[in-house]
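**Student:** quick one, what's the 3D model for this:
(2 chains)
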2 protein chains.
Amino acid sequence: MFDVLFAHIQEKVALTEQDREGIQSVFMARKLRKRQYLLQQGAICTHLSFVTKGLLRAYNVDEKGHEHINLFGWEGWWISDLNSFLFQEEALLNIDAIEETQLLMISLADYNALMVRVPVMERYFRLLYQNSLATKDRRLISSITHTAEEKYLQMAHRHPQIIQRVPQHLIASYLGLAPETISRIRKSLALRQSR
Amino acid sequence: MFDVLFAHIQEKVALTEQDREGIQSVFMARKLRKRQYLLQQGAICTHLSFVTKGLLRAYNVDEKGHEHINLFGWEGWWISDLNSFLFQEEALLNIDAIEETQLLMISLADYNALMVRVPVMERYFRLLYQNSLATKDRRLISSITHTAEEKYLQMAHRHPQIIQRVPQHLIASYLGLAPETISRIRKSLALRQSR
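**Tutor:** Prediction:
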């Protein structure tokens, strides 16, 4: 399981054998069955989780009972309610498994200690968060300025395997579209390709 | 000018005299007049900017010519199109000054070199980005699940001085509300307070 994590870290920074041991000692492994919760809205998010296998979604349920999907996480992604994890506040997000999932999890105390014990992780997380912020900004602007079809196409282009793995109604929720809109776009694309 | 930057950094990490010299050597100062652009949509964002005085806004103009305000930045804030800065892609954001503004700016090459030369900046930026991501997630969820009045009240509570300094129609654009909605909320609040 640690191979996936180490590979992901080593895309950004080099790790020594000692670094790898330091990292390995503070993560714990966990499995989730399909539909099992990792976090529920209102609870405290006690761990930052790295996905080594499987697929999860993070979503918020508003007062009217409507679900709004915030994020999908699959192999090589970190998933958590970051605000709840860092500041030990009530989570705004539910996180549950869409597929059977394997995680490596780290607590806040271990996360803070890891930066001191394995200083290169400071750089890794700086790069991770920096790139994630840049992507999120782009997504926020894109959600304002693009049509439904453009948003779907962007997602299909960037994450083709997710379009295959995630049920259509969940993709609709993520993009803030009606499920019928996704069906309509898929049909219109299939039509164009068959011409 | 560097006092504001050093104070901001030292809220997160301790700086030695040598660290301060290293930082000072890679930032350049710039002034903007009211309404002057720091960045225009479609250009490359060449610098990461720290505001030592004044107030700016970052906004996107969509294909129909509508402005969408993404962020306000004032004393102690970093402002840029992060995606454009990091990956040297075309900016999606315009940034201009609402008040006369003073900035400290760093280029991408100097930014990358700074992390090596002043390693504690790696930690500073990790914490900055980490907290910013947590806040952005909260804002995204809040924008979905809160009413216009709740959003305005949250902003007034978190950033009371910004509510005073930013013209009402810009706050409306930031919150994705009609200007009349802000007027209505202000009146209803004033009414409640006077009872």
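
**Student:** what stretches of chain A score poorly on pLDDT?
**Tutor:** Within chain A, the segments meeting pLDDT under 70 span A:195.

**Student:** would you map the strands across it?
**Tutor:** A:28-32, A:37-39, A:47-53, A:55-61, A:67-74, A:78-79, A:94-97, A:101-107 (DSSP state E).

**Student:** who touches the shortest one?
**Tutor:** Residues outside strand A:78-79 that contact it (C-beta atoms under 8 Å, 6 or more residues apart in numbering or on different chains): A:38, A:48-51, A:56, A:58, A:71, A:73, A:95, A:128. Placement of C-beta: from N, CA and C, glycine included.

**Student:** make TSV out of these and add distance to chain B and neighbour count.
**Tutor:** Output for the contacts of strand A:78-79, formatted as TSV (distance: C-beta to the nearest C-beta, whole Å; neighbours: other C-beta atoms under 10 Å in any protein chain shown):
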residue	distance to chain B	neighbour count
A:Leu38	16	24
A:Leu48	10	22
A:Ser49	15	24
A:Phe50	15	24
A:Val51	18	25
A:Leu56	15	24
A:Ala58	9	23
A:Leu71	9	18
A:Gly73	13	23
A:Ile95	12	23
A:Leu128	9	20
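
**Student:** my read: A:Ala97 touches A:Ala58, true?
**Tutor:** No. In this structure, A:Ala97 is not within contact of A:Ala58 by C-beta atoms under 8 Å, at 11.3 Å.

**Student:** how near is the nearest residue to A:Ile171 once chain neighbours are set aside to chain B?
**Tutor:** In space, and not counting its chain neighbours, A:Ile171 is closest to A:Ile182: 6.0 Å by C-beta to C-beta, 6 or more residues apart in numbering or on different chains. Distance of A:Ile182 to chain B, computed by C-beta to the nearest C-beta, to the nearest Å: 19 Å.

**Student:** tally of neighbours for A:Ile182?
**Tutor:** 21 (other C-beta atoms under 10 Å in any protein chain shown).

**Student:** can you give me the domain assignment for chain A?
**Tutor:** With domains defined by automatic domain parsing, chain A comprises A:2-136, A:146-195.

**Student:** so which bits of chain A are right by chain B?
**Tutor:** Counting by C-beta under 8 Å from any C-beta of the partner chain, the positions of chain A adjacent to chain B are A:60, A:62-63, A:68, A:70, A:81-83, A:86-87, A:92-93, A:115, A:119, A:122-123, A:125-126, A:129-138, A:140-141, A:144-145.

**Student:** now the helices for chain A?
**Tutor:** In chain A, the helices defined using DSSP state H lie at A:2-10, A:17-24, A:82-87, A:108-117, A:120-145, A:148-158, A:160-165, A:168-175, A:179-194.

**Student:** could these be laid out in TSV, adding distance to B:His159?
**Tutor:** As requested, these are exported to TSV (distance: least, C-beta to C-beta, whole Å):
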stretch	distance to B:His159
helix A:2-10	36
helix A:17-24	38
helix A:82-87	17
helix A:108-117	27
helix A:120-145	19
helix A:148-158	30
helix A:160-165	36
helix A:168-175	29
helix A:179-194	36
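
**Student:** and among these, the most buried is which?
**Tutor:** Ranked by mean neighbour count under mean count of other C-beta atoms under 10 Å in any protein chain shown, the helices of chain A are led by helix A:82-87, which reaches a mean of 20.

**Student:** ok, residues contacting that helix?
**Tutor:** A:39, A:43-48, A:89-93, A:108, B:130-131, B:133-135, B:137-138.

**Student:** follow-up on the earlier one: residues contacting the residue nearest to A:Ile171?
**Tutor:** A:Ile182 neighbours (C-beta under 8 Å, 6+ apart): A:152, A:168, A:171-172, A:175.

**Student:** save those as JSON lines, and put in distance to B:Arg33 too.
**Tutor:** Shown next, in JSON lines, are the contacts of A:Ile182 (distance: C-beta to C-beta, whole Å):
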{"residue": "A:Tyr152", "distance to B:Arg33": "43"}
{"residue": "A:Gln168", "distance to B:Arg33": "51"}
{"residue": "A:Ile171", "distance to B:Arg33": "46"}
{"residue": "A:Ala172", "distance to B:Arg33": "46"}
{"residue": "A:Leu175", "distance to B:Arg33": "41"}
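
**Student:** so how far is A:Met28 from the residue lying closest to A:Gln40 once chain neighbours are set aside?
**Tutor:** Distances taken as C-beta to C-beta, 6+ apart place A:Asn94 nearest to A:Gln40, at 5.5 Å, with adjacent residues excluded. Separation of A:Asn94 from A:Met28 (C-beta to C-beta, to the nearest Å) stands at 21 Å.
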